[in-house]
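Visitor: build the 3D model from these lines:
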Amino acid sequence: VLLVESGGGLVQPGGSLRLSCAASGSIFTINAMAWYRQAPGKERELVATASSGGRLNYADAVKGRFTISRDYAKNMVYLQMNSLKPEDTAVYYCNADHTKWTGTRTLYWGQGTQVTVSS
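Guide: Prediction:
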């Protein structure tokens, strides 16, 4: 399974960006999908998750500003980011919790997309 993120870039504080992540390859069942981020010198942290049943969860730092959504038919996950702050600057990664037909469960990661919030 290959995950490819897109949509990152440079935006001014208060602005918006929409990240996309497309899953492709030998997909059997994708369970949860999620967005993480990693700022320079910091550990990777969870931003938001979307379960296969539609349950959404957010980190406290992004609640009310970010929205995660999925297109189950296209095996895609999105992250709408509004009211961006400089502290949102990071490399954003998507992941997918995948179950193979054999029952093997694997967590796949994308290569990341840079988001920079600066005036």
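
Visitor: make it CA atoms for all contacts and neighbour counts henceforth
Guide: Noted.

Visitor: report the central residue of the protein.
Guide: Among the residues of the chain, the one closest to the centroid is residue 35, at 2.5 Å (CA atoms, centre = their mean).

Visitor: now that residue: which helix or strand?
Guide: strand 29-38 (DSSP states H and E).

Visitor: for that strand, which outside residues touch it?
Guide: Strand 29-38 has contacts (CA atoms under 8 Å, 6 or more residues apart in numbering) with 44-52, 75, 77, 79, 90-101.

Visitor: ok, now stretch 54-73?
Guide: So stretch 54-73 is contacted by 46-50, 76-84 (CA under 8 Å, 6+ apart).

Visitor: give me the element the residue of the chain positioned farthest from its centre is part of.
Guide: What lies farthest from the middle of the chain is residue 102; by CA atoms, centre = their mean that is 26.4 Å. Using DSSP H and E, residue 102 falls within no helix or strand.

Visitor: follow-up on the earlier one: quick check: beta-bridge partners of the residue nearest to the centre of the chain?
Guide: Using DSSP bridges, the bridge partners assigned to residue 35 are residue 48, residue 94.

Visitor: mind checking how far stretch 83-90 is from the chain centre?
Guide: 15 Å (CA atoms, centre = their mean, to the nearest Å).
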